[in-house]
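S.K.: pasted the sequence and its predicted model underneath.
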Amino acid sequence: MQIETLQSVILDITQERAIAPVLKRIVDGLAKSSTTSLVRIWLSAPGDVCVECCFRKECPDQSRCLHLAASAGHSQTGGIKYDSLDGRFRRIPIGAFKVGRAAASGEPFLITEATPGADWVQDSAWMAAENIRSFAGQPLIFRGEVLGVLGIFERAEFTPEDFKWLRTFADHASVAIANARAFEEIEHLKHRLEEENLYLREEVKTALDFGAIVGRSNALQKVLRQIDLVARTEANVLILGESGTGKELVARAIHERSLRQKRPLIKVNCSAVPQELFESEFFGHVKGAFTGAVRDRNGRFELADGGTLFLDEIGEIPLTLQAKLLRVLQEHQFERVGEERTRSVNVRVVAATNRDLKLEAGAGRFRQDLFYRLSVFPIEMPPLRDRREDIPMLAGHFLEAVARKMNLRASRLTQAHVDQLCAYDWPGNVRELQNVIERAVILSQDSSLQFELPSLAKSLMQSKSRATGAGAMPVVTRKELKQRERESILAALARTQGKVFGPGGAAEVLDMKGTTLASRIKALGLKRQS
């Protein structure tokens, strides 16, 4: 064994931070010596193949043993794979044979008379064929703990000086192995912490104690403060916002925090009621009032008496009925269809719409006096694109809810998933996000989540459509598309700190191939952020 070889390997192993590369550098480096036949490292670990182990009888309790973790060498006869970790000596009981006793006692051993007939020799034919003349074993000890054993079979005799240097080398190797294990444990804990943060299991449960309203963005907190302010009053509330933003959840939260919480919350989707049935739906009818009225029927105002009536999509109520609705809001009185008797109710009205009612009133499509009666306390629910910081929490909430409903294992949400969801514009808001999550869970039961989202250009067109009005045909010029593409790519590069390819890279965030993104970066003359 050459001292220069030991010194060279010591320098090599200090560069590694993972256990497998450290072990490989040790055995490969020592095996470079021209006199070395075989180098092996066994590490102490729990027993795992006790049933089939050929040394089971020699093992004291089958709890721990030496596991062959690395092997290298050069055979004189050829045909032997010295890098294999299988074979008869892949497990050695602690306390058995020379190697096992070194692990048990922490004492090194050196054999310079390696005759084939010696009692310690387990394979005389191999010893003779390889011309083995000495065998040295050094326990790998770190802070008093025996990590394993380093064994070297030599075709030359070990000198006392060689053996002394091998002890020094073993100490350095033990430190490198212990450090590599520590680094791997740190990486494991770091990855575990990242997963726990990404999956948002606990954050969803503690989100401001507003039940199904999930999120902590400033825009949403403003809404929650408004709910708390108005809930315990008797004021009518008008909830504004795009479709799918969760206006019904706001109405429910108002009711549950009001003095009417023990009475019913009755919901009417005004857009789903046929025009000829509006009056009957709101105020009820008596038997025979019209064809099909085979019995008396309570209207929604009567059902909500003492509680809250939620009128969703109130902008769909026809003008002919708006006067009667205004009367019941002002005087708390109404008559059923086909009946002359006046009935009194005590109802709080919470209305919601995705229309601009003030603009509708100015155009004569909605009564101004009804608008002012309804909008005593307006609350505007922000679109999801204006509270993107809530998307990870919402996605985690929906993942758990869908998995629980479908009796499936909850899928895991990665940073790449979060970036993809946050980059999308969500024209359908929270409802669209929920549908996308549900579809992804169904389609990816045996694989990772894959979200099916429209392309960037399509998302931009949808944003343009909202800005130009519901009935207008959106037009996006080529120059606008190019500028928005440029801005989106720059934002993705900034978020990923200039990383283009691989997991967490800008290409993954933008849901496009890395080569395609690289071409676009070059074509647009962009510089990657460092």
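M.R.: Arrived safely, thanks for sending.
S.K.: roughly how far apart are the most centrally placed residue in the chain and residue 479?
M.R.: By Cα atoms, centre = their mean, the chain has its centre lying nearest to residue 413, at 2.0 Å. Residue 413 sits at a distance of 37 Å from residue 479 (criterion: Cβ to Cβ, to the nearest Å). For every residue, glycine as well, the C-beta is placed using N, CA and C.
S.K.: relative to the whole chain's centre, how far out is stretch 517-529?
M.R.: Put simply, stretch 517-529 sits 29 Å off its chain's centre (Cα atoms, centre = their mean, to the nearest Å).
S.K.: just use 48 as the starting number from now, easier for me
M.R.: Will do, 48 is the new start, and the previous item becomes stretch 564-576.
S.K.: sorry, back to before: was I right about the residue nearest to the centre of the chain contacting residue 440?
M.R.: No: at 10.3 Å, residue 460 does not count as touching residue 440 under the criterion of Cβ atoms under 8 Å.
S.K.: what sits closest to residue 497 if chain neighbours are left out?
M.R.: With Cβ to Cβ, 6 or more residues apart in numbering as the criterion, residue 497 has its nearest non-adjacent residue at 5.7 Å, and that residue is residue 491.
S.K.: residues near that neighbour, how many?
M.R.: By the criterion of other Cβ atoms under 10 Å, residue 491 has 14 neighbours.
S.K.: repeat that for the one 5 residues further on.
M.R.: Here the neighbour count serves as a burial measure; for residue 496 (other Cβ under 10 Å) it reads 18.
S.K.: so what pLDDT did residue 493 get?
M.R.: Each residue has a pLDDT score; the one for residue 493 is 64.
S.K.: quick one: contacts for residue 477?
M.R.: The contact partners of residue 477, taken as Cβ atoms under 8 Å, 6 or more residues apart in numbering, are 291, 292, 293, 431, 441.
S.K.: kindly report the same for residue 200.
M.R.: Counting by Cβ under 8 Å, 6+ apart, residue 200 touches 83, 84, 85, 86, 120, 177, 179, 181, 182.
S.K.: which one of these is nearest residue 550?
M.R.: Nearest to residue 550 among these: residue 86, at 36.3 Å, using Cβ to Cβ.
S.K.: you'd agree that closest one is in a helix?
M.R.: No: using DSSP: H, G, I helix; E, B strand; the rest coil, the assignment for residue 86 is strand, not a helix.
S.K.: hmm, residue 420 is touching residue 377, no?
M.R.: Yes: counting by Cβ under 8 Å, residue 420 does reach residue 377; the two are 6.9 Å apart.
S.K.: compare those two (neighbour count), which wins?
M.R.: In terms of neighbours (other Cβ under 10 Å), residue 420 is the more surrounded of residue 420 and residue 377; the figures are 17 against 11.
S.K.: quick one: residue 482 and residue 475 touch, right?
M.R.: Yes: with contact defined as Cβ under 8 Å, residue 482 counts as touching residue 475 (7.4 Å).
S.K.: who has more neighbours out of these two?
M.R.: Taking other Cβ under 10 Å, residue 482 and residue 475 do not tie; residue 475 has more neighbours (18 against 13).
S.K.: over to that one: give its phi and psi.
M.R.: When read as degrees, to the nearest 10, the backbone of residue 475 gives phi -90, psi 0.
S.K.: list the contacts of the residue nearest to it when sequence neighbours are not counted.
M.R.: In space, and not counting its chain neighbours, residue 475 is closest to residue 291: 4.8 Å by Cβ to Cβ, 6+ apart. When contacts are counted by Cβ under 8 Å, 6+ apart, residue 291 touches 431, 475, 476, 477, 478, 479.
S.K.: and residue 420, by the same measure?
M.R.: With Cβ under 8 Å, 6+ apart, residue 420 has these contacts: 283, 373, 376, 377.
S.K.: you'd agree the third one is in a helix?
M.R.: Spelled out, it's residue 376. Yes: with three-state DSSP as the criterion, residue 376 is assigned to a helix.
S.K.: could you find the closest non-adjacent residue to it?
M.R.: residue 420 (5.1 Å).
S.K.: list the buried residues for the helix or strand harbouring the one you found?
M.R.: According to DSSP states H and E, residue 420 maps onto helix 415-421. For helix 415-421, the neighbour count (16 or more other Cβ atoms under 10 Å) marks 417, 418, 420, 421 as buried.
S.K.: those residues: which two are farthest apart?
M.R.: 418 and 420 (7.3 Å).
S.K.: now the element after the helix or strand of the chain with the lowest mean pLDDT, going C-ward?
M.R.: Across the helices and strands of the chain, mean pLDDT, DSSP states H and E gives its lowest value to helix 248-252, namely a mean of 39. Next in sequence after helix 248-252, counting helices and strands by DSSP H and E, comes helix 265-278.
S.K.: just checking, what packs against whichever helix or strand comes after that next one?
M.R.: Later in the chain than helix 265-278, the nearest helix or strand by DSSP H and E is strand 284-287. Where contact means 3 or more Cβ pairs under 8 Å, 6 or more residues apart in numbering; DSSP states H and E, strand 284-287 is packed against helix 294-303, strand 395-400, strand 424-427.
S.K.: which of those sits closest to residue 335?
M.R.: Across those (criterion: Cβ to Cβ), the nearest stretch is strand 395-400, sitting at 29.6 Å.
S.K.: can you show me the helices along the stretch 448-577 of the chain?
M.R.: Using DSSP state H, counting those that start in this stretch, the helices of the stretch 448-577 of the chain run over 462-470, 476-490, 503-515, 525-542, 553-556, 561-571.
S.K.: from the chain's centroid, how far away is the second one?
M.R.: If you compare the mean C-alpha spot of helix 476-490 with that of the full chain, they lie 15 Å apart, counting by Cα atoms, centre = their mean.
S.K.: for the record, mean pLDDT for that helix?
M.R.: Summarised as a single mean, pLDDT over helix 476-490 is 88.
S.K.: buried ones in that helix, by neighbour count?
M.R.: 476, 477, 479, 480, 481, 483, 484, 485, 487, 488.
S.K.: stretch 377-384 too?
M.R.: Neighbour counts over stretch 377-384 (16+ other Cβ under 10 Å) mark 381, 382, 383, 384 as buried.
S.K.: residues in contact with it?
M.R.: The contact list for stretch 377-384 (Cβ under 8 Å, 6+ apart) reads 326-327, 329-333, 336-337, 340, 343, 346, 348, 371, 374-375, 388-394, 420.
S.K.: if we use 10 Å, what do you get?
M.R.: For stretch 377-384, contacts defined as Cβ atoms under 10 Å, 6 or more residues apart in numbering pick out 324, 326-333, 336-337, 340, 343-346, 348-349, 352, 371-372, 374-375, 388-394, 416-417, 420.
S.K.: would you mind measuring from residue 227 to residue 89?
M.R.: Distance, residue 227 to residue 89, using Cβ to Cβ: 16 Å.
S.K.: so between those two, which is more surrounded?
M.R.: Neighbours per residue (other Cβ under 10 Å) separate residue 227 from residue 89, with residue 89 holding more: 28 against 19.
S.K.: what angle do the top helix by length along the chain and helix 462-470 make?
M.R.: Scanning the chain for the helix with the most residues, using DSSP state H, yields helix 207-246. Relative orientation of helix 207-246 and helix 462-470, computed by axes from the mean of the first three to the mean of the last three Cα atoms, to 10 degrees: 30 degrees.
S.K.: what's the average pLDDT for helix 207-246?
M.R.: Here the average pLDDT along helix 207-246 is 81.
S.K.: now do stretch 318-334
M.R.: Mean per-residue pLDDT for stretch 318-334: 88.
S.K.: how far is that stretch from where the chain is centred?
M.R.: The answer for stretch 318-334 is 47 Å, by Cα atoms, centre = their mean.
S.K.: for it, buried residues please.
M.R.: By 16+ other Cβ under 10 Å, the buried positions in stretch 318-334 come out as 320, 325, 326, 327, 328, 329, 330, 331, 332, 333.
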